[in-house]
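Asks: Coordinates only, no sequence provided:
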């Protein structure tokens, strides 16, 4: 069982299908990944980006429409995973973590409502908990459709995979996972998480500002530290070009570092490392 996963169980509707499904949900988009267990190949990968952020209700409508539209999502699945990709999350070291204080951990750095359901993932590889607000209406829909399923926060998947990649490395590296409207920065060294944060952005100038500001706060020299980019980016991208202008040692993560790959470097990094 992968670290940090949450499981909602239902004894009926359990399938022996050779396919597994992972869904990444964000108010700005939906992504779907179907894995063939027999061949370990990606058989379906689809990302839907919206022009503006949706309400949770509208997002559910779009998810329902997707299941009614794409034949690949109408199969039976032996496992279903939901990745909640949102900014309503925070990291808490396990030494300071108390399950009865979930609201207190979140209320200081994010806006939450009294009616919000708050949960957490255990990330044993980093000895921390990710406290977050999942979209309950999405979970309920998946439960009604499939029965048993697993869910976790995108930060859990990302941190777990990066630290796994870096488990034999002692030198500090910075990883940036880039999505269309946000990105996440992770620094790791000596098999330990040193920094994690998430930033919304609109332009390449926003992107480089947050990157350089983070490097400055961490006292990292742009001439020295290795920077690995992953997600929605390639060397022709304007974001890559502006990063390359300011950071000497920059590269794009190879698809070899992915648990599963669609052959296009590290696009959909979180989704393709979620099963």
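Replies: That came through, no problem. What you see is a predicted model, and the numbers here were worked out from it, not measured in a lab. Numbering: from 1, shown residues only.
Asks: Need the residues that contact the host helix or strand of residue 244.
Replies: Using DSSP states H and E, residue 244 falls within helix 238-246. Contacts with helix 238-246, where a contact means CB atoms under 8 Å, 6 or more residues apart in numbering, come from 178, 204-205, 207-208, 211-212, 222, 227, 229, 233-234, 250, 252. C-betas here are computed from N, CA, C, even on glycine.
Asks: rerun that using 10 Å as the cut-off
Replies: Residues from elsewhere that reach helix 238-246, judged by CB atoms under 10 Å, 6 or more residues apart in numbering: 176, 178, 183, 201, 203-208, 211-212, 215, 222-223, 227, 229, 232-235, 237, 250-252.
Asks: ok, now how distant is residue 76 from residue 68?
Replies: 16 Å (CB to CB, to the nearest Å).
Asks: For the two, indicate the residue with more neighbours.
Replies: Set residue 76 next to residue 68 and count neighbours by other CB atoms under 10 Å: residue 76 wins out with 13 against 9.
Asks: The more buried one sits in which helix or strand?
Replies: Following DSSP H and E, one finds residue 76 outside all helices and strands.
Asks: returning to that earlier point: following the helix holding residue 244, which helix or strand comes up?
Replies: strand 250-252.
Asks: Could you check that following strand and say which residues are buried?
Replies: 250, 252 (16 or more other CB atoms under 10 Å).
Asks: Check stretch 198-209 too.
Replies: For stretch 198-209, the neighbour count (16+ other CB under 10 Å) marks 198, 199, 201, 207, 208 as buried.
Asks: Likewise for stretch 116-135?
Replies: Neighbour counts over stretch 116-135 (16+ other CB under 10 Å) mark 116, 118-123, 125-126, 128-135 as buried.
Asks: Restricted to helices, list the residues you listed.
Replies: Under the assignment DSSP state H, the buried residues of stretch 116-135 contribute nothing to helices.
Asks: Helices of this protein, residue ranges please.
Replies: Going by DSSP H, the chain shows helices at 56-69, 102-107, 136-146, 154-165, 204-217, 238-246, 269-272.
Asks: next one: the fifth one to chain centre, how far?
Replies: Here the centre of mass of C-alpha atoms in helix 204-217, compared against the chain's by CA atoms, centre = their mean, to the nearest Å, lies 20 Å away.
Asks: and the angle for that helix with helix 238-246?
Replies: Interaxial angle, helix 204-217 versus helix 238-246 (axes from the mean of the first three to the mean of the last three CA atoms, to 10 degrees): 40 degrees.
Asks: quick check: mean pLDDT across helix 204-217?
Replies: Mean per-residue pLDDT for helix 204-217: 96.
Asks: Could you do the shortest one as well?
Replies: Throughout helix 269-272, pLDDT has a mean value of 91.
Asks: And residue 30, how far from residue 254?
Replies: 27 Å.
Asks: Next: residue 36.
Replies: Distance from residue 36 to residue 254, by CB to CB: 22 Å.
Asks: swap in residue 216?
Replies: 28 Å.
Asks: show me the residues around residue 161 that make contact.
Replies: Here residue 161 is in contact with 2, 125, 175, 177, 186, 230, 257-259, 269-270, 272-274 (criterion: CB under 10 Å, 6+ apart).
Asks: Kindly report the same for residue 77.
Replies: So residue 77 contacts 15, 17, 18, 19, 20, 21, 22, 34, 35, 37, 146, 149 (CB under 10 Å, 6+ apart).
Asks: if we go to 6 Å?
Replies: 15, 17, 19, 20, 21 (CB atoms under 6 Å, 6 or more residues apart in numbering).
Asks: mind checking pLDDT for residue 141?
Replies: On the pLDDT scale, residue 141 gets 97.
Asks: Please report how far it lies from residue 150.
Replies: 15 Å.
Asks: Give me the more crowded residue out of the two.
Replies: residue 150 (21 against 16).
Asks: so how many other residues sit close to residue 171?
Replies: With other CB under 10 Å as criterion, residue 171 counts 10.
Asks: should've said residue 79
Replies: By other CB under 10 Å, 18 other residues sit near residue 79.
Asks: center of the protein - which residue?
Replies: By CA atoms, centre = their mean, the chain has its centre lying nearest to residue 154, at 2.8 Å.
Asks: Spatially nearest residue to it, not counting backbone neighbours?
Replies: Ranked by CB to CB, 6 or more residues apart in numbering and with sequence neighbours excluded, the top spatial neighbour of residue 154 is residue 85, at 4.0 Å.
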